[in-house]
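**Student:** no sequence on hand, only this structure:
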């Protein structure tokens, strides 16, 4: 099978379309209509076999993860994802693998109303780069740099489950079948928090998605906002199957961490409740730089930012 | 050096900015303003070491090539390139390599007024995926599918030089020093024909860039336009250092191949002359499907589309 036929196989099976796609896959470039008074958000992430996923994983899960991780970056700007390009590098053509991969991608695209608008397939070590595009009302993108002293720090869900899943896989830790299934779900199907975008556009002063881990990612908000942060150990929503260390430093959760001006907190919580969403306050932004944690004894101690990092 | 520092090195040295970049590298996604009455063009291409370039090439040339190849896809839609994301996968961190790569990228971005708006660096076999974004007045993108019977087929420059360069490299063919330098220039620094965009927006009925080779790429226009084509061997602008076969089937020239309604041809040529540009008519679109070439004896014979193709 040649490269063109391979791309055709993809195109045929991934049918999710959007009205704003004037021209999709199959020309030199895609052509897209941007709605009035909106800005474009763009983010790209590469997943490399053996680094971001294991080659023996179900290709359905690999595709899902690659997509969700990218959609999460758009959610972290309070945007709504719209289109994605996929650059797929394959060692060889394995029809069964490709079928699972395509199915995972197609399901994810449909679920989040995202259109695949372009791609490239090349031969080489297995990896994929997705570039995802989202839309946000002009001026409403939420940056990492907007947090103010006193802003309440929130996270959008339980933390540590993906890191626990990875630990179970890597160390052959024994778990019940039900726990194993639940953990793998978190690792393979992270949920980009697109559902929060409209609320964040209105209320969040800063936002980041938790890919490297809470400590690392909150440190980015601190650095970009030129502030520090103190979080309360007792408020951290540790996943019931995980533990504190993994919730603090484990990556891959893809929940959002964001800040809210306390003056708007009540309205923010009302909006959340109206949409049946739950977020967790975990601390406050402070003038003093660096990360701190108030432990169970009530003592405030420094917290080291140490998330996952390639090239270490 | 960790991943974050590596990205910082890039950001610091690539300074080319544009007013429409509200938020560039350094957040979860870039944020961009789209001018009124314009559509967005998006294309992505991966270059893999050993497939699209050789690992021993100067990293400056690798970066240049990766960028130009992508800009060419925007030019092929009659768009003006604006922003690019870079996903770079490296086996290891070689500061000297990275410096040359960054310099090549920075020079290319500046030359075409393109801003680097995002990226990802990962560890793995050397490869890079660029996703390039361009702008085109709404409704003015030129597709592969718009050619009509009788349209004149044009190419934007000499053909076969890049393929000849590759042949010289791969087969250790002997050439003069001056010819060698000239050929390598074509291979390493393809020129995306962005200069033609404004004219093509107005006059071209279809367009494609010559990445796989004239026969392969013209076959795409034929297929998408549901037509055939006949080209004249004597009209093909074979590069003086190349030969017919390479001009017909060799890839990597990145000239544009496009079609013009004969009723507009005079105005088109006047516009070209006004901008001091030259293009070459090489044949006509025909109702009968398939490619044909009128050879030097005046006989019309079938032309096989056989350009470069991964996974063969």
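**Tutor:** Received the coordinates, thanks. Because the structure is predicted, anything quoted here is derived from the model rather than measured.
**Student:** show me the residue at the heart of chain A, geometrically.
**Tutor:** For chain A, the residue sitting closest to the mean C-alpha position, by C-alpha atoms, centre = their mean, is residue A:72 at 3.0 Å.
**Student:** I'd say that one and residue A:207 touch.
**Tutor:** No - applying C-beta atoms under 8 Å, one finds residue A:72 not in contact with residue A:207, separated by 11.0 Å. C-betas here are computed from N, CA, C, even on glycine.
**Student:** need the overlap of contacts for these two.
**Tutor:** A:256, B:28 (C-beta atoms under 8 Å, 6 or more residues apart in numbering or on different chains).
**Student:** just the helices in the stretch 151-300 of chain A please.
**Tutor:** With DSSP state H, counting those that start in this stretch as the criterion, the stretch 151-300 of chain A has helices at A:161-171, A:177-188, A:197-203, A:214-225, A:244-249, A:265-274.
**Student:** and what of the stretch 1-150 of chain A?
**Tutor:** So, for the stretch 1-150 of chain A - with DSSP H, counting those that start in this stretch - the helices run A:3-13, A:59-75, A:95-111.
**Student:** could you list the low-pLDDT ranges of chain A?
**Tutor:** A:1-12, A:307-312 (pLDDT under 70).
**Student:** still on that earlier bit, of the helices of the stretch 151-300 of chain A, which stretch is the most buried?
**Tutor:** Sort the helices of the stretch 151-300 of chain A by mean neighbour count, taking mean count of other C-beta atoms under 10 Å in any protein chain shown, and helix A:214-225 sits at the top with a mean of 22.
**Student:** single out the most deeply packed of the helices of the stretch 1-150 of chain A.
**Tutor:** When these are compared using mean count of other C-beta under 10 Å, helix A:59-75 is most buried, at a mean of 25.
**Student:** that one vs helix A:161-171, what angle?
**Tutor:** 150 degrees (axes from the mean of the first three to the mean of the last three C-alpha atoms, to 10 degrees).
**Student:** quick one: helix A:59-75 near chain B?
**Tutor:** Yes - using C-beta under 8 Å from any C-beta of the partner chain, we find that helix A:59-75 touches chain B at A:72-74.
**Student:** chain center to stretch A:139-150: distance?
**Tutor:** For stretch A:139-150, the separation from the chain centroid amounts to 18 Å (computed by C-alpha atoms, centre = their mean, to the nearest Å).
**Student:** residues of that stretch that come out buried?
**Tutor:** A:140-147 (16 or more other C-beta atoms under 10 Å in any protein chain shown).
**Student:** now stretch A:124-138
**Tutor:** Buried-residue list, stretch A:124-138, by 16+ other C-beta under 10 Å: A:124-137.
**Student:** so which of those reach chain B?
**Tutor:** A:124-125, A:127, A:129, A:131-134, A:136.
**Student:** could you dump these to JSON lines with distance to residue A:43?
**Tutor:** Shown next, in JSON lines, are these (distance: C-beta to C-beta, whole Å):
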{"residue": "A:124", "distance to residue A:43": "23"}
{"residue": "A:125", "distance to residue A:43": "23"}
{"residue": "A:127", "distance to residue A:43": "17"}
{"residue": "A:129", "distance to residue A:43": "11"}
{"residue": "A:131", "distance to residue A:43": "7"}
{"residue": "A:132", "distance to residue A:43": "6"}
{"residue": "A:133", "distance to residue A:43": "8"}
{"residue": "A:134", "distance to residue A:43": "8"}
{"residue": "A:136", "distance to residue A:43": "12"}
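**Student:** now, which of those sits nearest residue A:169?
**Tutor:** Using C-beta to C-beta, residue A:127 is the member of these that lies nearest residue A:169, at 19.9 Å.
**Student:** quick one, what contacts that closest one?
**Tutor:** A:46-49, A:89, B:89, B:122, B:124-125, B:127 are the contacts of residue A:127 under C-beta under 8 Å, 6+ apart.
**Student:** which one is it nearest to, not counting chain neighbours?
**Tutor:** Nearest non-adjacent residue to residue A:127, counting by C-beta to C-beta, 6 or more residues apart in numbering or on different chains: residue A:48, 4.4 Å away.
**Student:** pretty sure that neighbour is touching residue B:121, no?
**Tutor:** No - applying C-beta under 8 Å, one finds residue A:48 not in contact with residue B:121, separated by 10.7 Å.
**Student:** give me the common contacts of the two.
**Tutor:** Here residue A:48 and residue B:121 have residue B:89 as joint contacts, going by C-beta under 8 Å, 6+ apart.
**Student:** if we can go back for a sec, which one of the buried residues of stretch A:124-138 is nearest residue B:241?
**Tutor:** Closest to residue B:241, out of all of these and judged by C-beta to C-beta, is residue A:124, at 30.6 Å.
**Student:** name the nearest residue to the closest one, ignoring sequence neighbours.
**Tutor:** Nearest to residue A:124 is residue B:48, by C-beta to C-beta, 6+ apart, at 3.9 Å.
**Student:** give the bridge partners for the one you found, please.
**Tutor:** residue B:127 (DSSP bridges).
**Student:** number of residues surrounding it?
**Tutor:** 20 (other C-beta atoms under 10 Å in any protein chain shown).
**Student:** rewinding a little: turn the helices of the stretch 151-300 of chain A into JSON lines, columns for distance to chain B.
**Tutor:** Output for the helices of the stretch 151-300 of chain A, formatted as JSON lines (distance: least, C-beta to the nearest C-beta, whole Å):
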{"stretch": "helix A:161-171", "distance to chain B": "17"}
{"stretch": "helix A:177-188", "distance to chain B": "18"}
{"stretch": "helix A:197-203", "distance to chain B": "12"}
{"stretch": "helix A:214-225", "distance to chain B": "7"}
{"stretch": "helix A:244-249", "distance to chain B": "15"}
{"stretch": "helix A:265-274", "distance to chain B": "20"}
